[in-house]
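K.L.:
Here's my sequence, what's the structure:
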Amino acid sequence: MAMDSRLSKTFSRRALSAVALAAVLAAGGSAHGAGAPAEGAPTQGTPTPFINRPAAPPKAVEPVGVEQSEVERFCSNIADAARDRRYALQAEELKKLQAEVDQRIALLEERKSEYETWLKRREVFLARAEEGVVSIYSRMKPDAAAERLAMMNVELAAAILMKLDARKSSVILNEMESKSAADLTRIMASASRRQDPS
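P.N.:
Have a look, this model is predicted:
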């Protein structure tokens, strides 16, 4: 560390001596006039004086105001186009959303019409069993009623059984074959639901 410090001090002194010597020689050469050697012909033993080169001219820098005004002009030129593009994108997005909403409304309308159709079918189904027919089957013996109901339309038979007393219907179903009783029970269960079974 101490050696580095001594070396740097020695180097600094030598550099200062060389600069001072060069300055003295340059001043002496201009003072002697004719006795000085010709320019461009260095003499032996004398150091070559430093040549002062002219500094490069500074680059022309445009004022900051000019750059800002060009940027402002550019921004103002594209502002309308950017605004129109943004509006076009928003309008496109709104059209897509409107199409989705219309599609969902159409689906809801379709489901509504299906539900109304199902309700009408249920009402017609229940109306088939008129009171007169129901009263006839209610007076019949269970085995005879079971035989007759098994031979008629399944929906009509189920409608009649729904109109009968629950005890009477259960006895009639008990007298039927298991497959016919199962079909009638399935239809009666579907008709008694408040929602569309499909």
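
K.L.:
Helices of this protein, start to end?
P.N.:
2-32, 64-128, 131-139, 142-151, 154-163, 166-175, 178-192 (DSSP state H).

K.L.:
Would you format these as CSV with mean pLDDT included?
P.N.:
Formatted as CSV, these follow (pLDDT from 0 to 100):
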stretch, mean pLDDT
helix 2-32, 58
helix 64-128, 83
helix 131-139, 83
helix 142-151, 90
helix 154-163, 87
helix 166-175, 90
helix 178-192, 86
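
K.L.:
Give me whichever of the ones you listed is most buried.
P.N.:
helix 154-163 (a mean of 20; mean count of other Cβ atoms under 10 Å). From N, CA and C alone the C-beta is placed, and that goes for glycine too.

K.L.:
Show residues contacting that one.
P.N.:
125-126, 128-129, 131, 133-134, 137, 149-150, 169, 172-173, 183-184, 187-188, 191-192 (Cβ atoms under 8 Å, 6 or more residues apart in numbering).

K.L.:
how about the CA coordinates for it, as CSV?
P.N.:
Extracted C-alpha coordinates of helix 154-163, given in CSV (Å, rounded to 0.1, in the frame of the first residue of the first chain):
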residue,chain,number,x,y,z
VAL,A,154,-102.8,-46.5,-21.4
GLU,A,155,-103.1,-42.7,-21.0
LEU,A,156,-106.9,-43.0,-20.7
ALA,A,157,-106.7,-45.8,-18.2
ALA,A,158,-104.2,-43.8,-16.1
ALA,A,159,-106.4,-40.8,-16.2
ILE,A,160,-109.4,-42.8,-14.9
LEU,A,161,-107.3,-44.4,-12.1
MET,A,162,-106.2,-40.9,-11.1
LYS,A,163,-109.8,-39.8,-10.8
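
K.L.:
Measure how it sits relative to helix 131-139, angle-wise.
P.N.:
For helix 154-163 against helix 131-139, the angle by axes from the mean of the first three to the mean of the last three Cα atoms, to 10 degrees is 70 degrees.

K.L.:
doesn't residue 126 make contact with residue 191?
P.N.:
Yes - at 7.1 Å, residue 191 counts as touching residue 126 under the criterion of Cβ atoms under 8 Å.

K.L.:
Can you list phi and psi of residue 177 for me?
P.N.:
The phi/psi pair for residue 177 (degrees, to the nearest 10) reads phi -70, psi 150.

K.L.:
Report the contact partners of it.
P.N.:
For residue 177, the contact set (Cβ under 8 Å, 6+ apart) comprises residue 150.
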